[in-house]
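[1] Sharing a model that was predicted from the sequence below.
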Amino acid sequence: MSEVMSDLLVCGSLNLDLVSQVPHLPQPGETLAATALARLPGGKGLNQAVAAARQGATVAMLGAVGADSEGQMLRAILEAEQIVHRGVATLDHLTGLALINVAAHGENAIVIHGGANRALSASLVRAAMQPARVYLAQLEVPLDALHEFFGTAPQQGSLRILNAAPATGDAIALLTQIDLLIVNEIELQQLANQHTEHTDTLLGEDCAPLARRLLTNSLRTVIVTLGAQGARVIDADHDTPIAAPSVSVIDTTGAGDCFCGVVAAALAEGDPLIAAAKRAVNAASQAVQALGAIAAMPRRDRS
Ligand code: RIB
């Protein structure tokens, strides 16, 4: 590891988001005319890194883009946001692409082509590891890379956060390598199902018992994000609801990423967990009021 300590090291995806605004999400077999089309920077890793940087955190990123114009565009965003990107490799693959439909009421549906993100290897991560107070990752890069990332991160004196998104049971194997898990309700149900080797749905079950099933020797807290309802911070003994302000929703894309990036930045700064979660709920409520993921990430309100 190099000597420079960042507040936050993010390991994750960088995508070009092709965002179509549509009257409603298409049904199977339906062709819809988009009312607007935008090419925007995205990817859960990049979104979270930018959200944290806009809170004032020093951020470095590990990931991969392609040797194409999209990769150059995403690197320019990293540069503009002052995110250290020497750990972002340029590989002989297409840059990751997300096809995003945003409906009039703000709901979205996303199809991903992982491209270079899927080629991020454990050895690339090993070579690019850097010291940080907080280590943050999601599930749009290969599991091997994430095992290397969390396995190499120091267990003492740093905090390892996994946002288990998008939903997949694969993250179970990472739960012994992290200190904090952030999931939405669907991701929580997927993980809890995987954990108990059930294939039935756990929908309708309360979050707290599901979250507590996932706790390990290192993982002591799960934050469940609940969209307009805010979030719950759950550990073995407490279940603390964090309410969200009521806002008009334009686009929910990247709201969860905003939450994760802001929690990580706040924890790196020394905020207690509940205060960090409140700050993140408020930031995510701002993020849903504009189109796009990164375009909508708020800057820190110091008033
Ligand atoms: O969480 C939103 C992000 O998911 C988008 O920016 C898209 O790129 C996908 O990774």
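    Yep, that arrived. Quantities reported herein were computed from a predicted structural model and do not represent experimental measurements. Numbers count the residues shown, from 1 in each chain.
[2] what residues does the stretch 1-150 of the chain put near the ligand?
    13, 15, 17, 42, 43, 44, 47, 98, 110, 112, 140 (Cβ under 6 Å from any ligand atom). For every residue, glycine as well, the C-beta is placed using N, CA and C.
[3] Quick check: the residue of this protein nearest the ligand.
    residue 42 (2.6 Å; Cβ to the nearest ligand atom).
[4] can you confirm residue 60 is in a strand?
    Yes - secondary structure assignment places residue 60 in a strand (DSSP: H, G, I helix; E, B strand; the rest coil).
[5] From residue 149, how far off is it?
    Distance of residue 60 to residue 149, given as Cβ to Cβ, to the nearest Å: 12 Å.
[6] And residue 71, by the same measure?
    As judged by Cβ to Cβ, residue 71 and residue 149 stand 21 Å apart.
[7] between the two, which one's more packed in?
    A count of neighbours by other Cβ atoms under 10 Å puts residue 149 above the other of residue 71 and residue 149, at 28 against 24.
[8] Figure out the helix or strand that that one lives in.
    Using DSSP states H and E, residue 149 sits in helix 143-152.
[9] which helices and strands does that helix pack with?
    strand 6-11, helix 122-128, strand 132-137, strand 159-163 (3 or more Cβ pairs under 8 Å, 6 or more residues apart in numbering; DSSP states H and E).
[10] and the angle for it with strand 6-11?
    150 degrees (axes from the mean of the first three to the mean of the last three Cα atoms, to 10 degrees).
[11] Please identify the buried residues of helix 143-152?
    For helix 143-152, burial by neighbour count (16 or more other Cβ atoms under 10 Å) applies to 145, 146, 148, 149, 150.
[12] coming back round to it: would you turn the helices and strands packed on helix 143-152 into CSV with mean neighbour count?
    Listed next are the helices and strands packed on helix 143-152 as CSV, based on neighbours: other Cβ atoms under 10 Å:
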stretch, mean neighbour count
strand 6-11, 26
helix 122-128, 17
strand 132-137, 27
strand 159-163, 24
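[13] Now mean pLDDT and distance to residue 75 too, for the ones you listed, in a markdown table please.
    Output for the helices and strands packed on helix 143-152, formatted as a markdown table (pLDDT from 0 to 100; distance: least, Cβ to Cβ, whole Å):
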| stretch | mean pLDDT | distance to residue 75 |
| --- | --- | --- |
| strand 6-11 | 98 | 15 |
| helix 122-128 | 97 | 15 |
| strand 132-137 | 98 | 20 |
| strand 159-163 | 98 | 23 |
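[14] Tabulate those (CSV), appending distance to residue 216.
    Below are these laid out as CSV (distance: least, Cβ to Cβ, whole Å):
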stretch, distance to residue 216
strand 6-11, 20
helix 122-128, 21
strand 132-137, 16
strand 159-163, 12
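[15] Of all these, which one is nearest residue 24?
    strand 159-163 (28.1 Å; Cβ to Cβ).
[16] Note down every partner strand of that closest one and its orientation.
    strand 132-137 (parallel), strand 180-184 (parallel) (DSSP bridges).
[17] ok, it near the ligand or not?
    No - judged by Cβ under 6 Å from any ligand atom, strand 159-163 makes no contact with the ligand; its nearest approach is 9.3 Å.
[18] Need the contact partners of that strand.
    44, 48, 133-139, 146, 150, 153, 171, 174-175, 177-183, 218, 256-257, 260, 263-264, 267-268 (Cβ atoms under 8 Å, 6 or more residues apart in numbering).
[19] who are the neighbours in contact with the nearest residue to residue 146 once chain neighbours are set aside?
    Leaving aside its chain neighbours, residue 146 sits nearest to residue 137 (5.4 Å; criterion: Cβ to Cβ, 6 or more residues apart in numbering). Residues in contact with residue 137 (Cβ under 8 Å, 6+ apart) are 10, 11, 12, 45, 146, 149, 150, 161, 162, 163.
[20] Identify the farthest-apart pair in those.
    Comparing all pairs in the contacts of residue 137 by Cβ to Cβ, the longest separation belongs to 45 and 150, at 14.3 Å.
[21] what stretches of this protein score poorly on pLDDT?
    Scanning the chain for pLDDT under 70 picks out the ranges 1-3, 169, 197-205, 302-303.
[22] what ranges do the helices span in it?
    Remark: helices assigned in the chain by DSSP state H are 44-53, 69-80, 122-128, 143-152, 185-196, 207-213, 255-269, 273-287.
[23] For residue 24, which of those is the nearest?
    In terms of Cβ to Cβ, the element of the helices of the chain nearest to residue 24 is helix 255-269, at 19.6 Å.
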